[in-house]
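# A predicted structure for the sequence below; I have some questions about it.
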Amino acid sequence: MTDAVKKRLHDALRACETILTFVDGVCFGAYERDLLLRFPVERQLEIIGEALGRAADRDDSLEEQVPAIPRIVALRNRVIHGYDNVDDEIVWDIVQNKVPAVREQIKKLLKR
């Protein structure tokens, strides 16, 4: 794994951990009402998608190890380009159920 790929993985890992810190102890209702929380969570999702997309462009084996990369990149595109159509319930589900798993997959990759 190249240094450039490792850097992107570290960026994605940091963004996952940042999201989980932001939402720790927060319920969906509070998330949905808090613009000052939703926007930074969405920004971190953008970073995860961009970082993993760039890493996968440099290392074809990453998509085998993190099969969700295409969906993560698609989410990034949706948040950026479809900003007016972001569904808070979908984002919340991703934050609660997908981000922790992706974080663990990235940690395993970086340990190698």
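Looks like it came in fine.
# And whichever strand or helix holds Leu109, what's buried?
Assessed by DSSP states H and E, Leu109 sits inside helix 99-111. By neighbour count on 16 or more other CB atoms under 10 Å, the buried set for helix 99-111 is Val99, Val102, Arg103, Gln105, Ile106, Leu109. To be clear about C-beta, it is placed using only N, CA and C from the backbone, and glycine gets the same treatment.
# so how far is the lowest-mean-pLDDT helix or strand in the chain off the chain centroid?
Least confident helix or strand of the chain, by mean pLDDT, DSSP states H and E, is helix 62-65 with a mean of 90. Its chain's C-alpha centre and that of helix 62-65 lie 15 Å apart, by CA atoms, centre = their mean, to the nearest Å.
# Tell me which residues of the helix or strand Asn77 falls within come out buried.
Here Asn77 sits within helix 69-81, counting by DSSP H and E. Buried residues in helix 69-81, counted by 16+ other CB under 10 Å: Ile69, Ile72, Val73, Leu75, Arg76, Arg78, Val79.
# Of those residues, just say which sits nearest to Ala30.
Nearest to Ala30 among the buried residues of helix 69-81 is Val79, at 20.0 Å by CB to CB.
# got the contact list for that closest one?
By CB atoms under 8 Å, 6 or more residues apart in numbering, Val79 lies in contact with Glu42, Leu45, Glu46, Gly49, Val86, Val91.
# With respect to pLDDT, which of these ranks lowest?
Checking pLDDT across these, the minimum falls on Val86 at 91.
# Would you check how far apart it and Lys111 are?
33 Å (CB to CB, to the nearest Å).
# Would you confirm that Gln105 contacts Val66?
Yes. The pair Gln105 / Val66 is scored as a contact, 4.8 Å apart, by CB atoms under 8 Å.
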